[in-house]
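In: Sequence unavailable; structure follows:
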């Protein structure tokens, strides 16, 4: 995640890592402004508050250790703060394959009942005391003064609903919230103390505890029992699906159902945090940042070129550039997106397979057309400066709306391998 964050297209931001694995990160030298703060308790809201307290900036963005932010993430997620009334911004999240949507726009209410809505463009939500969009915790940013205005994150939310709580309180305090569909991170759901690698739960106690506390904090007393029963029914259904798939044993299923009741009881006993609404800040700042000078270069080739693609990508990363490799086999394999340990994005798939998961299982597409389609998709969230092909003559520049060597509407310049790797003094470009 930190290697990926190093590929952002703006410069000069500070990185604050609040972690229980601080010893692993001591050798990191990628960031000039890096703070590593050891933190052991399993409490995400408290960890967020510690990060905020140690951050020097006027805007604070959050991502998870099992997520990968697109290169334009920080630039995009801070842009709406040019409106002084904006308190929080959230983006969309793609799943572990890098293509499918995991989280889009989610509207929540006073009982944490979520409703997913379709958005294709930036949406601004005015303050509302009853409902608001959720600034999903793995992809969100806040005006630091807005967080201070409402007293930061409620540390009774050790896990789950911390993002719903902060979003609703910001909305109730008079701040606008913004959702950006093209501001994306890739999230893989790493196993942890609460879930297995297959995403089957180890315990539901923290979720149930947060749900009960949230309902007591915002909901009407007469509505709470029904909301908790609805939540219990949904979680039980998920457990039974995992049982049918063989992910849980019968004994584990029974024990997990008991953790729901234990969590509800604990959530009902928590003391409600006093609401904190301070005087709104007089001088509201707007984001300032410097664009990175690095180029984003796409290297494309066939499966037989994978070693050469990776070697060239590593060399370009070492020179300070952002790199995406697209490697296609002669097959109907779905496109998969990952991030190399060596610091570049990797797109792997078949020439005839799906990119978006709504496409047909098999679609005839020439190699160069498939590369063009993937570049078109990428350009929305990962602007491209150069596209290089490893095989001379392997691409017809007329496919793109430009002539060779000229920028297109999407900012492309198409080059072949010999031009990209020609010598310039003692350096490679």
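Out: Everything's here; your move. Every value quoted in this text rests on a predicted model; they were computed, and no experiment measured them.
In: now the strands: where do they sit in the stretch 251-400 of the chain?
Out: Under the criterion DSSP state E, counting those that start in this stretch, the stretch 251-400 of the chain contains strands at 290-291, 296-302, 322-329, 336-339, 345-350, 386-389.
In: Nearest to residue 164, out of the ones you listed?
Out: Residue 164 sits nearest to strand 336-339 of all those, at 28.0 Å, using CB to CB. Any C-beta I mention is one placed from the backbone N, CA and C, and that applies to glycine too.
In: What are the buried residues along that closest one?
Out: Neighbour counts over strand 336-339 (16 or more other CB atoms under 10 Å) mark 337, 339 as buried.
In: Who are the packing partners of that strand?
Out: strand 345-350 (3 or more CB pairs under 8 Å, 6 or more residues apart in numbering; DSSP states H and E).
In: From the contact counts, what lies against the strand it packs on?
Out: strand 322-329, strand 336-339.
In: who does the last one pair up with?
Out: It stands for strand 336-339. strand 345-350 (antiparallel) (DSSP bridges).
In: Mind listing residues that contact the strand it pairs with?
Out: Strand 345-350 is contacted from outside by 98, 323-340, 355, 374, 382, using CB atoms under 8 Å, 6 or more residues apart in numbering.
In: just stretch 65-78 next, same as before
Out: Stretch 65-78 has contacts (CB under 8 Å, 6+ apart) with 1, 4-5, 7-10, 13, 19, 59, 61, 63, 89, 91, 93, 138-141, 180, 182-190, 287, 289, 291, 296, 322, 339, 381-383.
In: Show me those residues that map onto strands.
Out: By the criterion of DSSP state E, membership of the contacts of stretch 65-78 in strands covers 10, 19, 59, 61, 63, 89, 91, 93, 139-141, 180, 182-187, 291, 296, 322, 339.
In: Weed out the non-buried ones from the residues you listed.
Out: Neighbour-count burial (16+ other CB under 10 Å) is assigned, among the ones in strands among the contacts of stretch 65-78, to 10, 59, 61, 63, 89, 91, 93, 139-141, 180, 183-187, 296, 322, 339.
In: residue nearest the centroid of the chain?
Out: Nearest residue to the geometric centre of the chain (CA atoms, centre = their mean): residue 185, 2.7 Å.
In: So that residue is in contact with residue 140, correct?
Out: No - Residue 185 is beyond contact range of residue 140, at 9.9 Å (criterion: CB atoms under 8 Å).
In: Now do the shared contacts for the two.
Out: residue 91.
In: how does the chain divide into domains?
Out: Domain segmentation of the chain under automatic domain parsing yields 2-269, 294-428.
In: among the ones you listed, which gets the worst mean confidence?
Out: Across the domains of the chain, domain 294-428 has the smallest mean pLDDT, namely a mean of 76.
In: How far off centre is that one?
Out: Distance of domain 294-428 from the chain centroid (CA atoms, centre = their mean, to the nearest Å) equals 23 Å.
In: circling back: which residues are in contact with the residue nearest to the centre of the chain?
Out: So residue 185 contacts 63, 67, 68, 69, 70, 73, 91, 93, 94, 138, 139 (CB under 8 Å, 6+ apart).
In: May I see those organised as TSV, with distance to residue 150 added?
Out: Shown next, in TSV, are those (distance: CB to CB, whole Å):
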residue	distance to residue 150
63	22
67	25
68	30
69	25
70	29
73	25
91	21
93	24
94	30
138	21
139	20
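In: Closest to residue 351 out of the residues you listed?
Out: Nearest member of these to residue 351, counting by CB to CB, is residue 94, at 22.1 Å.
In: and that closest one, how many neighbours?
Out: As a burial measure, residue 94 scores 22 neighbours (other CB atoms under 10 Å).
In: Correct me if wrong: residue 117 contacts residue 108.
Out: No - judged on CB under 8 Å, residue 117 makes no contact with residue 108 at a distance of 11.2 Å.
In: With neighbour numbers in mind, choose between the two.
Out: residue 108 (22 against 11).
In: Can you tell me how far the more buried one is from residue 159?
Out: Applying CB to CB, to the nearest Å, the value for residue 108 to residue 159 is 17 Å.
In: can you pull the contacts of residue 214?
Out: By CB under 8 Å, 6+ apart, the contact list for residue 214 reads 111, 112, 157, 161, 164, 165.
In: SS state for it?
Out: What DSSP: H, G, I helix; E, B strand; the rest coil gives for residue 214 is helix.
In: can you tell me which helix or strand the nearest residue to residue 153 once chain neighbours are set aside belongs to?
Out: Of all residues not flanking residue 153 in the chain, residue 45 sits nearest, at 4.0 Å (CB to CB, 6 or more residues apart in numbering). Taking DSSP states H and E as the definition, residue 45 sits inside helix 44-54.
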